[in-house]
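**Student:** Quick one, fold the following:
(one chain, ligands or ions: 2)
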Amino acid sequence: MAHPAHEDTVNLVKEIFRSYLKERNQRQTPERFMVLEEIYTADGHFDADDIFFRLKEAGTRVSRATVYNTLDLLVECGLVQRQQFGKSQYYYERAYAYQQHDHIICQECGTVLEFCDPRVGEIQEMLSKIHGMDIKGHSLHFFGSCRDKEACELRKKDGSKIVDIKE
Ligand SMILES: [Zn+2]
Ligand SMILES: [Zn+2]
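**Tutor:** Numbering: from 1, shown residues only. Ligands and ions are numbered 1, 2, ... in the order given. So this is what the prediction gives:
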């Protein structure tokens, strides 16, 4: 399983975000830091509304607009990654001190599996050499459906997005 970020990491990313906001003359509101903290203490991939509802449940008054605009800022400064898993909506996940990985997505139940395979990095290096490009990153998603149809059906019903890192 993927794990929530360590407390030191959370403090560090807050510092990075603080200096980013300062540089851009953006306001350092507590709400923006709540969004950042929510992403780094939670796990896996979520859409903007997941974060909005989690913060609401936690009793904060962070507005939906703040969640959306903070996510944009976090993507811009590289602390959060934006992913699109086939559907129109975007998913977010933390990007700092988090293992480089790729995704396998079940199009039936929406489960997102994470995997790490060093061969993906080798392809990247090879492409970089062949095409004379400095490649800074990649986004690789495989789409399919769960072999365990029963479990897939259950996940479809309860709507949970299970995330697992396969080493
Ligand atoms: Zn991921
Ligand atoms: Zn499935």
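**Student:** check contacts around the spatially most central residue of the chain.
**Tutor:** With distances taken as Cα atoms, centre = their mean, the residue of the chain nearest its centroid is E93 (1.1 Å). Contacts for E93 (Cβ atoms under 8 Å, 6 or more residues apart in numbering) come out as 39, 44-46, 80-81, 83. In short, each C-beta sits where N, CA and C put it, glycine included.
**Student:** Switch the residues you listed over to a markdown table; also include neighbour count and pLDDT.
**Tutor:** Shown next, in a markdown table, are the contacts of E93 (neighbours: other Cβ atoms under 10 Å; pLDDT from 0 to 100):
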| residue | neighbour count | pLDDT |
| --- | --- | --- |
| I39 | 25 | 90 |
| G44 | 19 | 79 |
| H45 | 22 | 84 |
| F46 | 19 | 86 |
| V80 | 23 | 92 |
| Q81 | 17 | 88 |
| Q83 | 14 | 85 |
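**Student:** In this structure R94 contacts E38, no?
**Tutor:** No. Counting by Cβ atoms under 8 Å, E38 is not a contact partner of R94; they are 10.3 Å apart.
**Student:** out of those two, which sits in the more crowded spot?
**Tutor:** R94 (24 against 20; other Cβ atoms under 10 Å).
**Student:** Next, that one: phi, psi?
**Tutor:** Backbone torsions for R94, taken as degrees, to the nearest 10, come to phi -70, psi 150.
**Student:** which intervals of the protein have sub-threshold pLDDT?
**Tutor:** For the chain, applying pLDDT under 70 flags the ranges 1-4, 87, 159-167.
**Student:** Domain boundaries for it, per the record?
**Tutor:** 7-94, 102-166 (automatic domain parsing).
**Student:** winner for burial among those domains?
**Tutor:** When the domains of the chain are scored by mean count of other Cβ atoms under 10 Å, the highest mean neighbour count falls to domain 7-94 (a mean of 16).
**Student:** Pull up the distance across that domain, start to finish.
**Tutor:** 14 Å (Cα to Cα, to the nearest Å).
**Student:** Next one: S145 from ligand 1, what distance?
**Tutor:** 19 Å (Cβ to the ion, to the nearest Å).
**Student:** Name the nearest residue to that residue, ignoring sequence neighbours.
**Tutor:** Once flanking residues are discounted, S145 sits nearest to E108: 4.8 Å by Cβ to Cβ, 6 or more residues apart in numbering.
**Student:** Show residues contacting the top helix by length along the chain.
**Tutor:** Secondary structure of the chain read by DSSP state H shows that its longest helix is helix 7-23. Contacts to helix 7-23, defined as Cβ under 8 Å, 6+ apart, come from residues 5, 26-28, 32-33, 36-37, 40-41, 73-74, 77, 79, 94, 96-97.
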